[in-house]
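# sequence first, then the predicted structure, then my questions.
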Amino acid sequence: MPPRKRPPANSRFQVRKPADPGVHLEPFLHYLEAECGMAANTVSAYRSDIVQFLDWYRAQKPVPLSEVDLAFLSGYLQHLNRRKLAATTVSRHLVTIKLFFRYLVLEGVLAESIADLLNSPKLWKYLPKVLSPEKVNQLLSAPCRQDRYPLRDRAILAMMYATGCRVTEIVTLPLNAVKLTEGYARCVGKGNKERMVSLNPVAVAAVEAYLRHERPDMTRRNTAEQALFLNRGGKQLSRVMVWNIVKKNAARVGCSKEVSPHTLRHSFATHMMAGGAEIRALQELLGHANIRTTQIYTHVDHSRLKAVHQMYHPRG
């Protein structure tokens with residue numbers, strides 16, 4: 001019996017691999033930026049999350065997007081958990097996947113989004129690390145003569161703690177948006193939303209000293225730059241440089257492993273809650289779109305809850 005011939009390459013019996021979902025990546029990112037109005041850093045974070053998901057997707061048994069089920073996506077969440085990622089990081093990855101699948105539905109690639117059936121990991125156990133007011137004071141005083149621009153560094157630390165601003169909001173803050181006499185600044189947060197933040201006397205004094213003694217020398221190299229905080233070339237300071245400034249000075253006060261630029265934001269929010277700030281007001285100050293994000297700080301402030309109990313409970 002003669003051997004069976006293989007079907008030709010263009011035969012209808014040929015097994016086709018599912019189309020690579022990576023073709024939807026760039027259109028999805030454009031959708032986030034152009035139609036959803038997301039900031040460039042947010043879009044960049046979503047890009048990183050989707051690229052990681054697609055890399056994992058390709059490593060699995062090839063399956064079309066239309067056949068992706070709940071078990072398949074749950075497998076990816078288990079993969080993230082095996083990497084020992086924080087619950088907040090896993091949640092962010094999940095949000096990205098949900099947005100991606102909703103976009104595919106909008107574009108008619110999928111009939112429905114199976115990703116919406118996934119539950120977010122519980123975040124109530126996660127509490128942001130914060131510094132005590134005493135440790136914050138030590139950190140703000142840490143910049144010294146050994147540094148090239150100690151007044152600038154002190155002003156950055158003081159501004160971050162006084163306002164609770166994100167790193168990106170600090171480095172992009174224009175000089176004309178800071179009103180030292182009135183004690184406030186206008187910053188642009190996520191989604192290009194502008195908000196007003198207050199400056200305490202410590203921050204005002206630190207910025208005034210920087211503007212008087214260091215910034216004029218920086219601007220000689222670049223008179224057109226409008227950012228408040230500059231590098232030695234007179235250009236806008238980068239996020240990485242702010243990170244290095246925070247870590248360097250945190251090491252000087254003995255807490256480098258615990259502290260990042262976001263630690264100052266967490267400390268600001270926690271200390272505001274301890275001082276009696278209303279959660280809605282804190283939401284505005286932090287620039288949170290959803291109050292659920294702000295509610296994490298209610299779990300941190302045990303001291304204030306205890307004081308309220310002692311004050312009002314009849315057996316307190």
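Thanks, I have the structure now. Numbering: from 1, shown residues only.
# now the strands for the stretch 151-300 of the chain?
Taking DSSP state E, counting those that start in this stretch as the test, the strands found in the stretch 151-300 of the chain are 178-179, 184-188, 194-198.
# any chance of these in TSV with mean pLDDT, distance to Ala40 and mean neighbour count as columns?
Using the backbone N, CA and C atoms, a C-beta is placed for each residue, glycine as well. Below are those laid out as TSV (pLDDT from 0 to 100; distance: least, C-beta to C-beta, whole Å; neighbours: other C-beta atoms under 10 Å):
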stretch	mean pLDDT	distance to Ala40	mean neighbour count
strand 178-179	96	22	16
strand 184-188	94	12	19
strand 194-198	93	16	15
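# how many other residues sit next to the closest residue to Met38 other than its chain neighbours?
Spatial nearest neighbour of Met38, chain neighbours left out: Leu32 (4.7 Å); criterion: C-beta to C-beta, 6 or more residues apart in numbering. Residues lying near Leu32 (other C-beta atoms under 10 Å) number 20.
# I'd like to know how far Leu32 sits from Gln60.
As judged by C-beta to C-beta, to the nearest Å, Leu32 and Gln60 stand 25 Å apart.
# can you list the domains in the protein?
21-117, 133-310 (automatic domain parsing).
# what's the most buried one of the ones you listed?
Highest mean neighbour count of the domains of the chain: domain 133-310, a mean of 17 (counted as mean count of other C-beta atoms under 10 Å).
# between the strands of the stretch 151-300 of the chain, which gets nearest to Val23?
Closest to Val23 of those is strand 184-188 (C-beta to C-beta; 32.9 Å).
# give me the angle between that closest one and strand 194-198.
150 degrees (axes from the mean of the first three to the mean of the last three C-alpha atoms, to 10 degrees).
# check which helices and strands strand 184-188 sits against.
Here strand 184-188 touches helix 150-163, helix 167-171, strand 194-198, going by 3 or more C-beta pairs under 8 Å, 6 or more residues apart in numbering; DSSP states H and E.
# of these, which is nearest Arg102?
Nearest of the helices and strands packed on strand 184-188 (C-beta to C-beta): helix 167-171, 25.6 Å.
# what about the closest residue to Val253 other than its chain neighbours, which helix or strand?
Nearest residue to Val253 in three dimensions, chain neighbours excluded: Gln138, at 4.3 Å (C-beta to C-beta, 6+ apart). Per DSSP states H and E: Gln138 is located in helix 133-140.
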